[in-house]
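A.B. asks: For reference, the sequence and a predicted model appear below.
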Amino acid sequence: MTVENRLYRGLEICPLVFSHRPAGASHAYSQDDGFDAAVRIQEPSAEMGMSRSRVFKISAGEPFQSAGDARRASIAYAEQMIDKCPQARTFLD
């Protein structure tokens, strides 16, 4: 799957989607169990130095039915957080 960072109000949004039930020694990943999501919000990459970032897990209650649903939910969650923050970069501290 291709991971695309999205630029929103000067911050990069990177959706993180993973299987609800991690693979164990006796079984592989199962898409039937659904997906969980998180999102990384970061400052755009700088040539010199590191950019600040934070990761937030999406609390949906139930696993998402598809990876696409989880990705869309993580993008919407990040946009809402950025919109609600009085100064967009304060939650990166």
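C.D. replies: Structure received.

A.B. asks: Mind listing the residues bridging to the most centrally placed residue in the chain?
C.D. replies: The centroid of the chain falls nearest to residue 39 when counting by C-alpha atoms, centre = their mean (1.6 Å). Counting by DSSP bridges, residue 39 forms beta bridges with residue 15, residue 56.

A.B. asks: doesn't residue 14 make contact with it?
C.D. replies: Yes - look at residue 39 against residue 14 with C-beta atoms under 8 Å: they come within range, at 6.8 Å. Bear in mind the C-beta positions are built from the backbone N, C-alpha and C, glycine included.

A.B. asks: what sits against the residue nearest to the centre of the chain?
C.D. replies: For residue 39, the contact set (C-beta atoms under 8 Å, 6 or more residues apart in numbering) comprises 13, 14, 15, 16, 55, 56, 58, 74, 75, 77, 78.

A.B. asks: mind running it again at 6 Å?
C.D. replies: The contact partners of residue 39, by C-beta atoms under 6 Å, 6 or more residues apart in numbering, come to 15, 56, 74, 77, 78.
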